[in-house]
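1. Sequence first, predicted model second:
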Amino acid sequence: MRISFPDGFLWGAAGSAHQTEGNNVASDFWALEHRPGVLPERSGDACDGYHRWREDLDIVRDLGLTAYRFSVEWARVEPAEGEFSAAVLAHYRRLIEGCLGRGLTPVVTLHHFTSPLWFQKAGGWRAPEAAGRFRRYVRAVLPILGGVEWVCTINEPNMLAMMAGISRGAGEREENAAGALPPPDREVADALIAAHRAAREELAGTGPKSGWTVANQNFEAAGGAEAERDAWAWPREDRFLDVAADDDFVGVQAYTRVLVGRDGALPVPAGARRTLMGWEFYPEALGGAVRHTAARVPGVPILVTENGIATADDAERVEYTTGALEGLHAAMADGADVRGYLHWSLLDNYEWGSWRPTFGLVAVDRRTFARTVKPSARWLGGVARAGGLP
Ligand code: BGC
């Protein structure tokens, strides 16, 4: 074995409710998709994951992976304020039991970008009641979390805060991961921190470890702009990492890097190799993100909750992931306490406005929903079975 990972290291794949389930009609994002001219494509039936989850879990198990990350959809659990659906909660309980029964470790996210439309109409994260509303939802989910060891409260709060207030047109995300977005909305960021803390309070003592997952952007100083880079990184990333200092774990999610010069983020360098997101092809992102996180919140265990590449060339996915795992391993050899690696994504799912960027280990026929396992999935399963890179 060229590179081996510790025993018990989790190897998995990830997805989120809105991107995979289909017909998330009570959510704010569904409403956004149906506003004319905002986004190029709609989620529609997505991957019909709400009905086909058994097949998906079978694929994850048969590949040899040991973990599956998914999200519980607030807009389904509480489609109208204060009205909780017992049937939807039972659905997610079956999903959790489906993981446990197959020997898969479920990694459950409570909020992955989408909120109920009623929540948004009532002021969203800017409403004074926002954290309390999220707490009430978390309380409703608690009874179904038996046997769950890992709970992510809020996915990428820093991205959510950056996207607040702008309509999320694909073009804005295409230039680079974060450089083209406005600075995080301070009010929304504060509310997300309060909501995270409220969720952690509710979860405390109930069993699972809880933490949140941060979009790690590998801000790199260009031309000696170290001070400007640090100032740029604090509201966009480091502030959210610092919140995790007291948490049970922190989720690292890394795809690319963003160069920062004296006047802020720079475009992707001319001639750089790019992914289908327009981001720089940069497998070193994962090792860099893990090192940065470990230095920022020393002693807090890390779970890689997302890493992957949007590409139509599946061999490129293997190339990217090999580089990412090498960087991860080196960071661990230097002391980073990393408990697992969850690849984004299991399925070619809905990429927030477009179906074009394919991140999946598994292709999905958009009409029949038939799943086709790609060679990269078998490759990652092999890595998991071997516990490292041969
Ligand atoms: C999100 C995912 C998204 C992925 C690729 C992360 O920002 O958590 O929902 O699909 O990156 O853009």
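-> Everything's here; your move.

2. quick check: mean pLDDT across stretch 284-298?
-> In this model, stretch 284-298 has a mean pLDDT of 98.

3. So is that stretch next to the ligand?
-> No: using C-beta under 6 Å from any ligand atom, stretch 284-298 stays clear of the ligand, with a minimum separation of 11.8 Å. In short, each C-beta sits where N, CA and C put it, glycine included.

4. Checking my notes, G205 in a strand, right?
-> No: going by DSSP: H, G, I helix; E, B strand; the rest coil, the assignment for G205 is coil, not a strand.

5. Report how many residues lie close to it.
-> 6 (other C-beta atoms under 10 Å).

6. Local confidence estimate at it?
-> Looking at G205, the pLDDT reads 97.

7. how near is it to D248?
-> Plainly put, G205 is 12 Å away from D248 if you go by C-beta to C-beta, to the nearest Å.

8. can I assume S115 is in contact with E73?
-> No: counting by C-beta atoms under 8 Å, no contact exists between S115 and E73, whose distance comes to 9.7 Å.

9. which neighbours do these two share?
-> Taking C-beta atoms under 8 Å, 6 or more residues apart in numbering as the contact rule, S115 and E73 both touch S27.

10. out of the two, which sits in the more crowded spot?
-> Between S115 and E73, counting by other C-beta under 10 Å, E73 is the more crowded of the two (27 against 23).

11. tally of neighbours for the nearest residue to that one once chain neighbours are set aside?
-> Nearest non-adjacent residue to E73, counting by C-beta to C-beta, 6 or more residues apart in numbering: A17, 3.8 Å away. Residues within reach of A17, counting by other C-beta under 10 Å, total 26.

12. For this protein, which residues score under the pLDDT cut-off?
-> Counting by pLDDT under 70, the chain contains low-confidence residues at 165-180.

13. What distance do you get for F84 to the ligand?
-> Using C-beta to the nearest ligand atom, to the nearest Å, one gets 25 Å for the distance from F84 to the ligand.

14. for M159, same thing?
-> Relative to the ligand, M159 is positioned 6 Å away (C-beta to the nearest ligand atom).

15. Same check on D313?
-> 17 Å.

16. likewise P116?
-> Applying C-beta to the nearest ligand atom, one obtains 18 Å for the distance of P116 from the ligand.

17. what's around that residue, how many residues?
-> By other C-beta under 10 Å, neighbour count at P116 equals 23.

18. How about the one 4 residues further on?
-> The burial count assigned to Q120 is 19, neighbours taken as other C-beta under 10 Å.

19. Now for G261: which residues touch it?
-> Shown in contact with G261 (C-beta under 8 Å, 6+ apart): 222-223, 225, 228.

20. any idea which of these is closest to the ligand?
-> A222 (23.2 Å; C-beta to the nearest ligand atom).

21. In the longest helix seen in the chain, which residues are buried?
-> Assignment by DSSP state H gives helix 314-333 as the longest helix of the chain. By 16 or more other C-beta atoms under 10 Å, the buried positions in helix 314-333 come out as 314, 316-321, 323-329, 331-332.

22. element containing V88, please.
-> Using DSSP states H and E, V88 sits in helix 86-101.

23. Name the next helix or strand downstream of that helix, please.
-> Proceeding N to C from helix 86-101, the next assigned helix or strand is strand 105-111, under DSSP H and E.

24. Give the other helices and strands that the helix or strand following that following strand contacts.
-> Sequence-wise, the next helix or strand downstream of strand 105-111 (DSSP H and E) is helix 117-121. Packing partners of helix 117-121 (3 or more C-beta pairs under 8 Å, 6 or more residues apart in numbering; DSSP states H and E): helix 28-33.

25. just to revisit the earlier point, pretty sure the residue nearest to E73 is in contact with R69, am I right?
-> No: here A17 does not reach R69: they are 11.2 Å apart, not a contact under C-beta under 8 Å.

26. Find residues that contact each of these two.
-> Counting by C-beta under 8 Å, 6+ apart, nothing touches both A17 and R69.

27. Hmm, P357 and M277 touching each other?
-> Yes: in this structure, M277 is within contact of P357 by C-beta under 8 Å, at 5.1 Å.

28. Touching both of those two, which residues are there?
-> 310, 351.

29. Return the set of buried residues in stretch 219-238.
-> Within stretch 219-238, the residues scored as buried using 16+ other C-beta under 10 Å are 219-222, 225, 228-229, 232-233, 235-238.

30. same check, this time on stretch 349-368
-> For stretch 349-368, burial by neighbour count (16+ other C-beta under 10 Å) applies to 349-355, 357-364.

31. Can you flag which of those residues belong to helices?
-> Using DSSP H, none of those sit in helices.

32. Return only those of these found close to the ligand.
-> Near the ligand, by the rule C-beta under 6 Å from any ligand atom, you find E351 out of those.

33. closest to I144 among the buried residues of stretch 349-368?
-> For the buried residues of stretch 349-368, the minimum distance to I144 (C-beta to C-beta) is 22.9 Å, reached by N349.

34. Surely the closest one touches E21?
-> No: if you go by C-beta under 8 Å, N349 and E21 don't touch, sitting 9.4 Å apart.

35. which neighbours do those two share?
-> Residues touching both N349 and E21 (C-beta under 8 Å, 6+ apart): 46-47, 49.

36. Buried ones from those residues, can you make that a PyMOL selection?
-> Of the shared contacts of N349 and E21, the buried ones go into a single PyMOL selection, burial set by 16+ other C-beta under 10 Å:
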select buried, resi 46+47+49
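
37. Sort out for me which of the shared contacts of N349 and E21 are in strands.
-> Judged by DSSP state E, the shared contacts of N349 and E21 include no members of strands.

38. Make JSON lines out of the shared contacts of N349 and E21 and add distance to the ligand.
-> Shown next, in JSON lines, are the shared contacts of N349 and E21 (distance: C-beta to the nearest ligand atom, whole Å):
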{"residue": "A46", "distance to the ligand": "12"}
{"residue": "C47", "distance to the ligand": "13"}
{"residue": "G49", "distance to the ligand": "14"}
